[in-house]
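> quick one: sequence and predicted model below, then my questions.
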Amino acid sequence: MFVNTLLDSVEGGFPEVAGFIRDTPEFVRTPKISDEEYGKFLMIAIVGNFNYLNEHFRDGEGDLIIQHCVDQFAPVFDLSPVAFQTKLNDYKKFMAHVNFPSKNVLYSMSKGFFFKYELNQYQDEYFRNMNTPNPIFLKSLDEVMRNFIWDWSAFCDKYKVQLASI
């Protein structure tokens, strides 16, 4: 359920995200981002959601669910589960790096998006020279990112996860 819903929401919602980016008043030039360029965003959404998942399951359960999801996501990217896990780990490290020292997952998603889509070049000179996102833009992007975070609390309230079936 999670895998299919996230895939659908990212693919269907990315044109709105791309439009938001292109229309952002904090950029001095319009970013060149197409409605079909959602691959990096999907990876950011997966990593972010996996980071939140562990907050809602006991030790080990979250990791088992993640592994099952990795097995389901891998064919979408035409990768083996091992290769897909490596790609996830690379994104996770990248997002942690650009968000350091903060450990806020939502911020890491927004900053990861900013840098993966190379948006710095579209900012005014002050922020461009600092190589950091304009905080007004970043706060707006945080609100966009919230729409792609799975509500694990509501899911756990409604469904019982049976790890034996995973």
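Cool, got the structure. These numbers were taken from a predicted model, which means no experiment stands behind them.
> can you show me the helices along the chain?
Along the chain, the stretches classed as helices by DSSP state H are 2-23, 39-53, 61-73, 81-99, 105-116, 125-130, 135-146, 152-158.
> columns distance to Arg29 on top of those, output as CSV?
C-beta coordinates here come from the backbone N, C-alpha and C atoms, glycine included. CSV is the format used below for those (distance: least, Cβ to Cβ, whole Å):
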stretch, distance to Arg29
helix 2-23, 10
helix 39-53, 20
helix 61-73, 34
helix 81-99, 22
helix 105-116, 15
helix 125-130, 10
helix 135-146, 13
helix 152-158, 38
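> so which of those helices is nearest Pro31?
Of all the helices of the chain, helix 2-23 sits nearest to Pro31, with 5.3 Å by Cβ to Cβ.
> got JSON lines for the helices of the chain, with mean pLDDT and mean neighbour count too?
Formatted as JSON lines, the helices of the chain follow (pLDDT from 0 to 100; neighbours: other Cβ atoms under 10 Å):
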{"stretch": "helix 2-23", "mean pLDDT": "97", "mean neighbour count": "15"}
{"stretch": "helix 39-53", "mean pLDDT": "96", "mean neighbour count": "21"}
{"stretch": "helix 61-73", "mean pLDDT": "94", "mean neighbour count": "17"}
{"stretch": "helix 81-99", "mean pLDDT": "97", "mean neighbour count": "16"}
{"stretch": "helix 105-116", "mean pLDDT": "98", "mean neighbour count": "22"}
{"stretch": "helix 125-130", "mean pLDDT": "97", "mean neighbour count": "12"}
{"stretch": "helix 135-146", "mean pLDDT": "97", "mean neighbour count": "16"}
{"stretch": "helix 152-158", "mean pLDDT": "84", "mean neighbour count": "12"}
